[in-house]
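K.L.:
structure of the sequence below:
(2 chains)
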Amino acid sequence: MAENVVPRVRVPRDAKAGDSVSVRTLISHPMESGMRRGSDGNLIPRQIINRFTCAFNGATVVDVEIHAGVATNPYFQFDAKVDQSGSFEFTWYDDDGSVYTETAEIAVA
Amino acid sequence: MTQTRRQFVGNGLAIAAAFFGLPHIANAATLEEAIATFTGGSDAASDGITLIAPEIAENGNTVPIEVDAPGAAAIILFAAGNPNPDVCTVNFGPASGSQMVSTRVRLAGEQEVVAIARMADGSFKQARQNVRVTIGGCGG
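P.N.:
I've put the predicted structure just below:
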């Protein structure tokens, strides 16, 4: 497990039904590409987050397949349609099998 | 065999071009293959998709990229000049509000960023933009 992996998400606190809201996510992760050499001259093995998903009340918003070309601390911004109050579930899948999750609530008037 | 200075410089340039040029050609081939894998070989129109990338990125380690493709089911991003051109594939689910995504990518050097959208009806759209990079982002 990579160290100091901290997921952070930002969703609006409230919205109107049927609105499209902007969701911003960021997770602290080194995203070691497998192309870099360490101080001993050997390649540092690849360790990245290879998949990220966001669901709202169980319905998928985005499902992202990630390769080494995504920068350190992968950031994603996208829009979600909200019809009722509920929670967003965010999941990040690490190369080493770790899974990081985060949730965020939104109140829909 | 005696070489003039001019010949020596010319040969050196040719060798350098061969050395640095070949990986580039190899990358172009893998990019076209990767695109063909995604599109199944069908043509991609260039309207109806917007790729927002900086013309000059100071730091290739983190380059902000935004893609907006109304009506897309999935968007795939490629960085043509990276050792591995795949960047990410975004699949939109039923709860997505609009088909846009914004992220940050690594670019090894000046290169073309390619975004291809697979629309809900099965057609494809693509957008390309050249990005100049001052400091490469793949750690040499």
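K.L.:
in contact with the residue nearest to residue A:55 when sequence neighbours are not counted, which residues?
P.N.:
Nearest non-adjacent residue to residue A:55, counting by Cβ to Cβ, 6 or more residues apart in numbering or on different chains: residue A:89, 5.0 Å away. In this view, the C-beta of every residue, glycine as well, is placed from N, C-alpha and C. Counting by Cβ atoms under 8 Å, 6 or more residues apart in numbering or on different chains, residue A:89 touches A:54-56, A:101-103.
K.L.:
give me the element residue A:89 is part of.
P.N.:
Applying DSSP states H and E as the criterion places residue A:89 in strand A:86-94.
K.L.:
cool, residue A:79 as well?
P.N.:
Residue A:79 is part of strand A:75-82, with elements assigned from DSSP H and E.
K.L.:
can you give me the offset of that strand from its chain's centre?
P.N.:
Between the centre of strand A:75-82 and the centre of its chain there are 11 Å (Cα atoms, centre = their mean, to the nearest Å).
K.L.:
tell me the strands beside that strand, with direction?
P.N.:
In the sheet, strand A:75-82 lines up against strand A:19-27 (antiparallel), strand B:96-105 (antiparallel) (DSSP bridges).
K.L.:
so which residues on chain A come close to chain B?
P.N.:
Residues of chain A lying near chain B by Cβ under 8 Å from any Cβ of the partner chain: A:19-21, A:33, A:35-37, A:55-57, A:59-72, A:74-82.
K.L.:
drop anything exposed from these.
P.N.:
Among those, the ones that count as buried by 16 or more other Cβ atoms under 10 Å in any protein chain shown are A:19, A:21, A:33, A:35, A:55-56, A:61-72, A:74-82.
K.L.:
who's the residue in chain A that chain B sits nearest to bridged to?
P.N.:
Residue of chain A nearest chain B, by Cβ to the nearest Cβ: residue A:60 (2.6 Å). Listed by DSSP bridges, the beta-bridge partners for residue A:60 are residue A:55.
K.L.:
direction included, what does the helix-or-strand element of chain A with minimal mean pLDDT pair against?
P.N.:
Taking mean pLDDT, DSSP states H and E as the measure, chain A has strand A:14-15 as its least confident helix or strand, at a mean of 92. Applying DSSP bridges, strand A:14-15 is found paired with strand A:99-108 (parallel).
K.L.:
is the residue nearest to residue A:55 in a bridge, and if so with what?
P.N.:
Assessed by DSSP bridges, residue A:89 has beta-bridge partners residue A:55, residue A:103.
K.L.:
that older thread, just give me how far the least confident helix or strand of chain A sits from the chain centre.
P.N.:
21 Å.
K.L.:
so which bits of the strand holding residue A:89 are buried?
P.N.:
A:86, A:88-94.
K.L.:
next one: stretch B:62-74
P.N.:
Within stretch B:62-74, the residues scored as buried using 16+ other Cβ under 10 Å are B:62-63, B:65, B:67-69, B:72-74.
K.L.:
report the inter-axis angle for the strand holding residue A:79 versus strand A:86-94.
P.N.:
With axes from the mean of the first three to the mean of the last three Cα atoms, to 10 degrees as the basis, strand A:75-82 and strand A:86-94 are set at 150 degrees to each other.
K.L.:
could I get strand A:75-82 in CSV with only the CA atoms?
P.N.:
Taking C-alpha atoms only, strand A:75-82 is exported to CSV below (Å, rounded to 0.1, in the frame of the first residue of the first chain):
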residue,chain,number,x,y,z
TYR,A,75,-7.5,14.6,-10.3
PHE,A,76,-10.8,14.2,-12.0
GLN,A,77,-13.6,16.7,-12.5
PHE,A,78,-16.9,15.7,-14.0
ASP,A,79,-20.7,16.3,-13.8
ALA,A,80,-23.3,14.2,-12.1
LYS,A,81,-27.1,14.5,-12.5
VAL,A,82,-28.9,14.4,-9.1
